[in-house]
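Enquirer: prediction below, plus the sequence it came from.
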Amino acid sequence: MFRRPLLQVLHQFVRHESEIASSLVLERSLNRVQLLGRVGQDPVMRQVEGKNPVTIFSLATNEMWRSGDNEEYQMGDVSQKTTWHRISVFRPGLRDVAYQYVKKGARIYVEGKVDYGEYMDKNNVRRQATTIIADNIIFLSDQTKEKA
């Protein structure tokens with residue numbers, strides 16, 4: 001009498017657990033970054049022994065807002081915050097193009113993913129670093145054209 005309902009409950013539980021396990025296998029995640037800003041330094045290419053070279057440069061993004069209690073759009077002080085991002089390019093074709101054509105002051109659009117890592121500095125102190133691993137770069141302007 002008790003055996004049948006208990007088996008049904010166990011069967012439903014096992015089926016539920018297997019559905020959860022299969023959904024975890026199929027679960028997707030997203031690590032995507034889009035940045036639009038100005039290059040802070042000319043790129044450098046680095047290579048560690050036994051590893052592929054990487055092109056590295058910095059990118060500045062700006063955030064602007066008006067402060068003040070007045071709700072009128074034109075009133076209030078304009079505040080600005082600049083955030084610096086370290087961009088690393090590993091993809092062979094893109095890495096070489098970035099090294100050759102990205103220049104300080106150029107306005108570019110970067111797509112990629114966020115990577116968090118650790119390294120030891122010169123004083124053997126463990127440091128944390130956040131890097132954007134670029135997989136697409138769009139050149140929007142050249143610094144030399146804007147000065148003209």
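Expert: Right, received. Where do you want to start? Quick caveat, the model's predicted, so the values are computed rather than measured.
Enquirer: which one is Pro92 nearest to, not counting chain neighbours?
Expert: Spatial nearest neighbour of Pro92, excluding adjacent residues (CB to CB, 6 or more residues apart in numbering): Asn52 at 7.4 Å. For the C-beta atoms, the positions are set from N, CA and C on the backbone; glycine is no exception.
Enquirer: ok, the one you found touching Phe90?
Expert: Yes - the pair Asn52 and Phe90 passes the contact test of CB atoms under 8 Å, sitting 6.4 Å apart.
Enquirer: and the two? Which one has more around it.
Expert: Neighbour totals were compared for Asn52 and Phe90, and Phe90 leads with 15 against 10 (other CB atoms under 10 Å).
Enquirer: what distance do you get for the more buried one to Trp84?
Expert: 20 Å (CB to CB, to the nearest Å).
Enquirer: and the strands in this protein?
Expert: All strands of the chain, identified by DSSP state E, fall at 33-39, 44-46, 54-67, 77-89, 107-120, 126-139.
Enquirer: could these be laid out in a markdown table, adding distance to Ala98, mean pLDDT and mean neighbour count?
Expert: As requested, these are exported to a markdown table (distance: least, CB to CB, whole Å; pLDDT from 0 to 100; neighbours: other CB atoms under 10 Å):
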| stretch | distance to Ala98 | mean pLDDT | mean neighbour count |
| --- | --- | --- | --- |
| strand 33-39 | 10 | 97 | 17 |
| strand 44-46 | 9 | 95 | 11 |
| strand 54-67 | 5 | 92 | 15 |
| strand 77-89 | 5 | 92 | 14 |
| strand 107-120 | 9 | 94 | 14 |
| strand 126-139 | 6 | 95 | 14 |
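Enquirer: between these, which one is nearest to Glu27?
Expert: strand 107-120 (17.6 Å; CB to CB).
Enquirer: what residues does that closest one touch?
Expert: Residues outside strand 107-120 that contact it (CB atoms under 8 Å, 6 or more residues apart in numbering): 31-39, 59, 85, 87-88, 102, 126-141, 146.
Enquirer: that strand to strand 54-67, inter-axis angle?
Expert: Angle, strand 107-120 to strand 54-67, by axes from the mean of the first three to the mean of the last three CA atoms, to 10 degrees: 110 degrees.
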